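In: have a look; sequence and predicted model below, questions after that.
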Amino acid sequence: MKLRTTAFLAVLGSALAACVTVDSGEPMTYARKCASSPCDVSVSTGNFGIFWQTVTLTDRTLDLNGQSSIKWTVTESGYQFADNGISFLPKPGGRDPGSVFACVKSADSLSFVCNVTEPKTGYYGYTVRLVGPADVLPYEAWIKLGDARFERKP
């Protein structure tokens, strides 16, 4: 009986640990530098813990490295971008990221292209949303323009 209880607690602990992620909500210090335009990003789904499915990207932070566009492509069968599949987050201080990026979803909803219309140095947060046979949690990522440095405010 004691062995069975210990095994149950070990499995339960592993399952709960799988649900915990370390995510500061800030850009990572490493950013993949894009070498061509459009900068290609693959989008699929993955498990978040044992109960939820979430969007997964090839890179959490992209450095556009002077390139002028990004193309996200859904690579998982049965899924496509939601109408607001790529949406940029407001910047502190009220800067509207919509004036920096112009985005268009493809007719088949399997790709999204955003062009840099007004290059401004900085980190820009965005959310990726997919729809498909199972509910998918959105995912937040970052784009770096220019020689921006991320600094934490106290």
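Out: Thanks, I have it. Numbering: from 1, shown residues only.

In: dihedrals phi and psi, the closest residue to Val136 other than its chain neighbours?
Out: Excluding the flanking residues, the one nearest Val136 by CB to CB, 6 or more residues apart in numbering is Leu130, at 4.7 Å. Yep, even glycine has a C-beta here, placed from its N, CA and C like the rest. In terms of degrees, to the nearest 10, the main-chain angles of Leu130 are phi -120, psi 160.

In: so who does Leu130 touch?
Out: By CB atoms under 8 Å, 6 or more residues apart in numbering, the contact list for Leu130 reads Val43, Thr45, Val55, Val74, Tyr79, Gln80, Phe81, Ala82, Gly85, Val136.

In: go again with 10 Å.
Out: Leu130 sits next to 43-45, 53-55, 74, 76, 78-82, 85, 109, 136-139 when contact means CB atoms under 10 Å, 6 or more residues apart in numbering.

In: of those residues, buried ones?
Out: Neighbour counting by 16 or more other CB atoms under 10 Å classes 43-45, 53-55, 74, 76, 79-82, 85, 109, 136, 139 among the contacts of Leu130 as buried.

In: nearest to Ala35 among those residues?
Out: Val43 (19.2 Å; CB to CB).

In: and the closest one, what pLDDT?
Out: With respect to pLDDT, Val43 scores 89.

In: if Cys114 is in a bridge, with which residues?
Out: Here Cys114 sits in beta bridges with Ile70, Cys103, as judged by DSSP bridges.
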